[in-house]
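Visitor: Could you work out the structure for the sequence below:
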Amino acid sequence: MNIEQARFNMIEQQIRTWDVLDHDVLELLTVVKREEFVPAAYRSLAFMDTEIPLPGGENMLQPRLEARLLQEAGVKRHENVLEIGAGSGYMAALLGAKARHVTTVEIAPELKAFAEKNLAANGISNVTVELGDGAQGWVGSGLNAAPYDLIMISGSLPVLSDAFLKQIKVGGRIVAIIGTAPVMSAELVTRISDVGYSTVKLFETSATPLRNAITPPRFKF
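Guide: Modelled structure (predicted):
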């Protein structure tokens, strides 16, 4: 396989055609090598428009979804970012290339180790991988603790809990996929004041639910 041709085709045929037009994002996809974050058994699928299996029953999002979420996040160089769901470390690597620091939280020990290995192998030093349950956010500690400038949730949630809302700064954003199959949408939530939030539904999509995510009570008749 001609890897660079496959990468070019992914960007031009899958990603650019899905309204990802930000030059910096497209350039980043050529710099951060997606195939180096894919399990060896699935490396031939690295540029396919599909979810890729990861250890522990998790998976990588489709390339076009990763790129679109990254574009909508609008990460800036000074920002402190929290990601929930490290997976292979790929999204954390993309975020890290644009942010000051990224804390990514992974509930599965084997995936934490996999993400750390991939990030180290690619020379990414401004990402910290934490082992824990981030379904209610992550307070953290020290200079990289909440409140964050951006929270990226790399998995779907039935509802966005108040815990996440409280962990972003005024002016901060949350990018998340909200809903239950088959109806989910990517949303951008911006904190506009101490008590005010603005929510924009970006597009309809689907993603694997985040483990231990809060589910709203079922309505009973």
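Visitor: And the residue nearest to T50 when sequence neighbours are not counted, what's its pLDDT?
Guide: The shortest distance from T50 to any non-neighbouring residue, by CB to CB, 6 or more residues apart in numbering, is to Q62 (6.2 Å). Using the backbone N, CA and C atoms, a C-beta is placed for each residue, glycine as well. Here, the pLDDT recorded for Q62 equals 96.
Visitor: residues near Q62, how many?
Guide: Residues within reach of Q62, counting by other CB atoms under 10 Å, total 20.
Visitor: what does Q136 give?
Guide: 15.
Visitor: and it, what is it in contact with?
Guide: S161, A163, F164, I214 (CB atoms under 8 Å, 6 or more residues apart in numbering).
Visitor: So which of those residues are in strands?
Guide: Using DSSP state E to define strands, no part of these is located there.
Visitor: top of those by neighbour count?
Guide: F164 (23 neighbours).
Visitor: ok, the nearest residue to that residue once chain neighbours are set aside - how many residues close by?
Guide: Nearest in space to F164, with sequence neighbours left out and distances taken as CB to CB, 6+ apart, is G137 at 4.9 Å. Close neighbours of G137, defined as other CB under 10 Å, add up to 22.
Visitor: One more: D22?
Guide: 15.
Visitor: State the pLDDT value of it.
Guide: pLDDT, D22: 97.
Visitor: surely it meets Q71?
Guide: Yes - if you go by CB atoms under 8 Å, D22 and Q71 touch, sitting 4.8 Å apart.
Visitor: Which residue lies nearest the spatial centre of this protein?
Guide: S154 (3.7 Å; CA atoms, centre = their mean).
Visitor: Once you drop chain neighbours, what's closest to it?
Guide: S154's closest residue in space is G85 (CB to CB, 6+ apart), at 3.8 Å.
Visitor: got a list of what that neighbour touches?
Guide: Per CB under 8 Å, 6+ apart, neighbours of G85: E58, T104, V105, E106, I107, G134, I153, S154, G155, L210.
Visitor: make it 10 Å
Guide: Contact analysis of G85 by CB atoms under 10 Å, 6 or more residues apart in numbering lists 58, 61, 91-92, 104-108, 111, 115, 134-135, 152-155, 207-208, 210-211.
Visitor: circling back to that earlier point, from L45, how far out is the residue nearest to T50?
Guide: 11 Å (CB to CB, to the nearest Å).
Visitor: shared neighbours, those two?
Guide: With CB under 10 Å, 6+ apart, Q62 and L45 have common neighbours E51, I52.
Visitor: Looking at the contacts of G85, which are in strands?
Guide: Per DSSP E, the contacts of G85 map to strands at T104, V105, E106, M152, I153, S154, G155.
Visitor: Next, the buried residues of the longest strand that the chain contains.
Guide: The longest strand of the chain (DSSP E) is strand 168-180. By 16 or more other CB atoms under 10 Å, the buried positions in strand 168-180 come out as I168, G172, R173, I174, V175, A176, I177, I178, G179.
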